[in-house]
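**Student:** My questions are about this predicted structure, shown below with the sequence.
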Amino acid sequence: AGGAPVRAVAAGRVSFAGPVAGRGVVSLELAGTGDPPLRTTYAPVEATVEEGDEVAAGEVLGTVQPTGSHCTGCLHWGLLRGDVYLNPLSLLPPWLLDAGPSRLLPVLGVPVPGRTGISPERPAAPWRPPPP
């Protein structure tokens with residue numbers, strides 16, 4: 001819900017904390033995860049951390065911002081290695097995943113993966129500014 005604390009899934013360094021397209025975003029490079037390191041993203045978040053901050057697993061990064069778009073209180077959580085999207089649920093212990101299914105929005109035109117674990121590699125699209 002809006003105002004709920006958002007916590008780091010693992011220890012790392014804040015690589016970005018600020019607005020993107022009108023929503024607060026926090027990006028965290030996870031310590032000891034290789035080169036390039038794993039990076040988790042959290043949005044929409046009213047950040048209480050700043051770029052360069054070192055955080056511990058479970059430390060509060062900020063609070064969920066009620067955005068008024070498709071949801072009034074939800075958290076979008078992502079995982080990348082370089083420019084490849086991965087399944088963020090792969091970071092969680094199995095006992096935590098037994099609490100029930102995640103709620104995902106439908107993505108039209110994308111085939112359903114035929115395996116579990118890390119999602120198929122899908123390069124991230126480069127960011128482009130909106131047209132004037």
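**Tutor:** That came through, no problem. Numbers count the residues shown, from 1 in each chain.

**Student:** Where do the strands of the chain begin and end?
**Tutor:** 5-7, 12-20, 23-30, 38-43, 45-47, 54-55, 60-64, 76-81, 84-86 (DSSP state E).

**Student:** The shortest one - which strands sit beside it in the sheet, and in what orientation?
**Tutor:** In this case it means strand 54-55. Strands that pair with strand 54-55, judged by DSSP bridges, come out as strand 12-20 (antiparallel).

**Student:** May I see the buried residues of the strand it pairs with?
**Tutor:** Buried residues in strand 12-20, counting neighbours by 16 or more other C-beta atoms under 10 Å, are found at Gly12, Arg13, Val14, Ser15, Ala17. To be clear about C-beta, it is placed using only N, CA and C from the backbone, and glycine gets the same treatment.

**Student:** for this protein, what are the low-confidence residue spans?
**Tutor:** Where the chain drops to pLDDT under 70, the residues are 67-73, 98-132.
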